[in-house]
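Engineer: My questions concern the predicted model and sequence given below.
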Amino acid sequence: MTLNEIALHRRSIRKYNGGAVTREQLEALVCFAQEAPSWKNQQTSRYHVVTTPEVLAAARQCLEGSNPQKTEGVGALIVTAFKHDIVGHTHGVPDNEGGNGWGWYDLGLQNAYLLLKAAELDLDTLVIGIRSADRLRALLQIPDDETIGAVIAVGHRVEDAHRPPRKELAEIARFV
């Protein structure tokens with residue numbers, strides 16, 4: 001598949017069939033995510049990959065709203081984070097007005113790479129932002145110097161998802 005085909009195939013999936021996701025596949029996702037650019041090549045993104053059934057069930061309960069139901073049958077949850085007060089800083093001082101926001105930026109880039117690699121491997125994903133970071137931190141023993149960004153569900157879809165329409169180019173881009 002071309003990159004364009006991968007991007008058009010990828011969807012946020014909210015119903016999984018319980019199919020297995022291998023450790024090799026999960027390692028491929030994280031390794032590919034590392035290829036994304038990062039501020040001054042600091043590489044501060046971190047991935048806490050949950051696969052064991054008991055911990056997976058407990059981690060799903062740290063998700064809020066309808067997200068525990070939307071992740072039923074997933075093969076893994078990946079809690080993504082970044083080490084804070086490093087990205088966008090030199091000797092503890094922000095390099096520009098973005099400051100620690102560059103950690104979020106870098107993590108977003110790396111998460112996007114992870115999602116595209118998953119689609120290439122015929123895995124499906126859902127990015128979840130509504131979660132209890134405190135409960136996930138305690139459950140997975142995530143260090144205090146890491147800011148939890150998102151939880152990414154990884155598995156196999158039950159059915160195809162509808163592609164929502166995209167905004168027109170003129171609405172999102174301005175060429176000067």
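Structural biologist: Yes, it's here.
Engineer: Give the buried residues for the lengthiest helix in the chain.
Structural biologist: Scanning the chain for the longest helix, with DSSP state H as the assignment, gives helix 101-120. Buried positions in helix 101-120, judged by neighbour count with 16 or more other CB atoms under 10 Å: 102-111, 113-120. No exception for glycine: its C-beta is placed from N, CA and C like everyone else's.
Engineer: Quick one: mean pLDDT over the next helix or strand after it.
Structural biologist: Per DSSP states H and E, the first helix or strand lying C-terminal to helix 101-120 is strand 124-128. Across strand 124-128, the average pLDDT comes to 97.
Engineer: cool, and stretch 157-168?
Structural biologist: Mean predicted lDDT for stretch 157-168 stands at 91.
Engineer: Residues contacting that stretch, please?
Structural biologist: Applying CB atoms under 8 Å, 6 or more residues apart in numbering, the contact partners of stretch 157-168 are 8, 11-17, 73, 124.
Engineer: Please repeat the previous calculation with a cut-off of 6 Å.
Structural biologist: For stretch 157-168, contacts defined as CB atoms under 6 Å, 6 or more residues apart in numbering pick out 11, 13, 15, 17, 124.
Engineer: Among these, the buried ones, what's the PyMOL command?
Structural biologist: With 16+ other CB under 10 Å as the criterion, this PyMOL line picks the buried residues out of the contacts of stretch 157-168:
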select buried, resi 11+13+15+124
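Engineer: how about the contacts of stretch 157-168 in JSON lines, adding secondary structure and distance to L136?
Structural biologist: Formatted as JSON lines, those follow (DSSP: H, G, I helix; E, B strand; the rest coil; distance: CB to CB, whole Å):
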{"residue": "R11", "secondary structure": "coil", "distance to L136": "24"}
{"residue": "I13", "secondary structure": "coil", "distance to L136": "21"}
{"residue": "K15", "secondary structure": "coil", "distance to L136": "22"}
{"residue": "N17", "secondary structure": "coil", "distance to L136": "25"}
{"residue": "D124", "secondary structure": "strand", "distance to L136": "21"}
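Engineer: Spatially, which two of the contacts of stretch 157-168 are the most separated?
Structural biologist: R11 and N17 (14.6 Å; CB to CB).
Engineer: ok, L77 touching T51?
Structural biologist: No - with contacts counted by CB atoms under 6 Å, L77 stays clear of T51, the gap being 8.3 Å.
Engineer: Between the two, tell me which one has more neighbours.
Structural biologist: A count of neighbours by other CB atoms under 10 Å puts L77 above the other of L77 and T51, at 26 against 17.
Engineer: and stretch 126-146, how far from the chain's centre?
Structural biologist: In this view, stretch 126-146 has its centroid 12 Å away from the chain centroid, taken as CA atoms, centre = their mean, to the nearest Å.
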